[in-house]
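**Q** Structural data only, the sequence is not supplied:
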Ligand SMILES: Nc1ncnc2c1ncn2[C@@H]1O[C@H](COP(=O)(O)OP(=O)(O)OP(=O)(O)O)[C@@H](O)[C@H]1O
Ligand SMILES: [Mg+2]
């Protein structure tokens, strides 16, 4: 057995079939998939689902449950669905981001439909092969994990709903009907802006808003907001080199980083999110759109339009033609103006405007 292989697998104890039954966990699954990795301060156990690795994320994140081990047999409790997040990679700086996310979520505790911070701990549950590229590369480069190797994690509540990128992928290349655009604007975007306004009230900027981080709850017809892993405090010194997702991130961070973190980052992101949702998955761009073969060119091209007015931006953009004459277009290009000083700053007003435009659209 090589050193690497000896680390594969989760060393945390698994649950017995009886314990699964007591906890109300589905027992048709292999109980070995359920590993106890910690507990909360009200004595619930943190159970990680080994098969529940979130596929698309960069950082290791797993689905899991909080269970109450003291529930009498025959009275199965409802296990609470949770997400367990680990650092992106082994560098200590990345551990600090996780700590920051914990602090952020603790600050936001009174806001509904954002993840609640539930617990934190350390686990020696490394399955490097699947744990993430950064971890895998680190080992491949000859680093040896200390023994026992503890990796910090945070446990957060699950927010109900389907990520909005699923909605835009479904309609890929289709411009939504007027009614659907009304719903996107008046319910989804207005709802997200309303939550962001509450986040800003607490002095926090989300910094990574995009369709994948807005969840729509079909039953309640309301949105939630997730992933505060890139969030910072308003007026902090900006972080270099840690961007959100480029297509949704304002260009000044690449070319003229502001001196202080500014809530207008989120205005840009919600504007470009609106663009993507309304254009069936597209990303904003301007002009010839030829030099977009690299990430840098993509942002540089947007930055080149910072002196343009809203009308010119719309004209030069790849927004579907049917939308160019709408008040929806005029508003979202104001939000994602390449010049930060042209963007509105008050997220509550942004929510009100989305609601109004949504109502007009029907
Ligand atoms: N609290 C939550 N409620 C519901 N879904 C969640 C929650 N936390 C994470 N997820 C799901 O797991 C995915 C990854 O989580 P998250 O975005 O927080 O981590 P990440 O490492 O930043 O991922 P990425 O790099 O893809 O943005 C989310 O896109 C979402 O599908
Ligand atoms: Mg994410």
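**A** Sure, I can see it. Quantities reported herein were computed from a predicted structural model and do not represent experimental measurements. Ligands and ions are numbered 1, 2, ... in the order given.
**Q** now the strands: where do they sit in the chain?
**A** Here the chain has its strands, by DSSP state E, at 34-39, 45-53, 61-67, 80-85, 117-123, 151-157, 162-163, 204-205, 214-217, 222-225, 232-233.
**Q** Highest mean neighbour count out of those strands?
**A** Most buried of the strands of the chain by mean neighbour count (mean count of other CB atoms under 10 Å) is strand 204-205; its value is a mean of 26. Placement of C-beta: from N, CA and C, glycine included.
**Q** May I see the strands of the chain organised as TSV, with mean pLDDT and distance to residue 258 added?
**A** Shown next, in TSV, are the strands of the chain (pLDDT from 0 to 100; distance: least, CB to CB, whole Å):
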stretch	mean pLDDT	distance to residue 258
strand 34-39	86	39
strand 45-53	87	36
strand 61-67	92	30
strand 80-85	95	28
strand 117-123	91	28
strand 151-157	93	29
strand 162-163	95	29
strand 204-205	96	11
strand 214-217	97	25
strand 222-225	98	23
strand 232-233	94	12
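**Q** would you turn these into CSV with distance to residue 190?
**A** CSV is the format used below for the strands of the chain (distance: least, CB to CB, whole Å):
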stretch, distance to residue 190
strand 34-39, 38
strand 45-53, 32
strand 61-67, 28
strand 80-85, 26
strand 117-123, 26
strand 151-157, 24
strand 162-163, 18
strand 204-205, 19
strand 214-217, 11
strand 222-225, 9
strand 232-233, 24
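**Q** Can I get these in CSV including distance to ligand 1?
**A** What follows is the strands of the chain, written out as CSV (distance: least, CB to the nearest ligand atom, whole Å):
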stretch, distance to ligand 1
strand 34-39, 17
strand 45-53, 10
strand 61-67, 5
strand 80-85, 4
strand 117-123, 10
strand 151-157, 5
strand 162-163, 5
strand 204-205, 15
strand 214-217, 6
strand 222-225, 7
strand 232-233, 14
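**Q** Among those, single out whichever gets nearest to residue 332.
**A** Proximity to residue 332 (CB to CB) singles out strand 214-217 among the strands of the chain, at 14.9 Å.
**Q** Show me what that closest one is in contact with.
**A** Identification of contacts with strand 214-217 by CB atoms under 8 Å, 6 or more residues apart in numbering yields 113, 159-164, 167, 188, 192, 222-226, 273.
**Q** That strand pairs with which strands, and in what direction?
**A** strand 162-163 (antiparallel), strand 222-225 (antiparallel) (DSSP bridges).
**Q** and of the strands of the chain, who's closest to residue 284?
**A** strand 214-217 (17.0 Å).
**Q** Write out the residues of the protein neighbouring ligand 1.
**A** Proximity of the chain to ligand 1, by CB under 6 Å from any ligand atom, involves residues 54, 56-59, 61, 83, 115, 156, 158-159, 163, 212, 226-227, 229.
**Q** Compare those and tell me which has the most neighbours.
**A** Highest neighbour count within these, by other CB atoms under 10 Å: residue 227, with 26 neighbours.
**Q** residue contacts, it?
**A** 208, 212-213.
**Q** related to what we said a few turns ago, right, so of the strands paired with strand 214-217, which gets closest to residue 100?
**A** strand 222-225 (16.8 Å).
**Q** Quick one: residues in contact with stretch 323-334.
**A** Residues contacting stretch 323-334 (CB under 8 Å, 6+ apart): 175, 181, 185, 271, 274-275, 278-279, 310, 313-315, 317, 319, 342-344, 353-354, 357, 360-361.
**Q** Quick one, which of the residues you listed are buried?
**A** With burial judged by 16 or more other CB atoms under 10 Å, the buried subset of the contacts of stretch 323-334 is 175, 181, 185, 271, 274-275, 278-279, 313-314, 317, 319, 342-344, 353-354, 357, 361.
**Q** Out of those residues, list just those in helices.
**A** 181, 271, 274-275, 278, 313-314, 353-354, 357, 361 (DSSP state H).
**Q** Determine which two of those residues are furthest apart.
**A** 313 and 361 (20.7 Å).
**Q** nearest to residue 284, of the residues of the chain next to ligand 1?
**A** residue 212 (16.4 Å).
**Q** That closest one is in contact with residue 163, isn't it?
**A** Yes - Residue 212 is within contact range of residue 163, at 4.9 Å (criterion: CB atoms under 8 Å).
**Q** Find the closest residue to ligand 1 in the stretch 201-350 of the chain.
**A** Relative to ligand 1, the nearest point of the stretch 201-350 of the chain is residue 227 (3.5 Å; CB to the nearest ligand atom).
**Q** Could I get the pLDDT score of that residue?
**A** Looking at residue 227, its pLDDT is 95.
**Q** Equivalent analysis for residue 267, please.
**A** 98.
**Q** give me the number of residues near it?
**A** Residue 267, neighbours per other CB under 10 Å, totals 25.
**Q** list the contacts for the nearest residue to it once chain neighbours are set aside?
**A** What sits nearest to residue 267 in space, not counting adjacent residues and going by CB to CB, 6 or more residues apart in numbering, is residue 343, at 4.6 Å. Residues near residue 343 by CB under 8 Å, 6+ apart: 264, 267-268, 271, 334-337.
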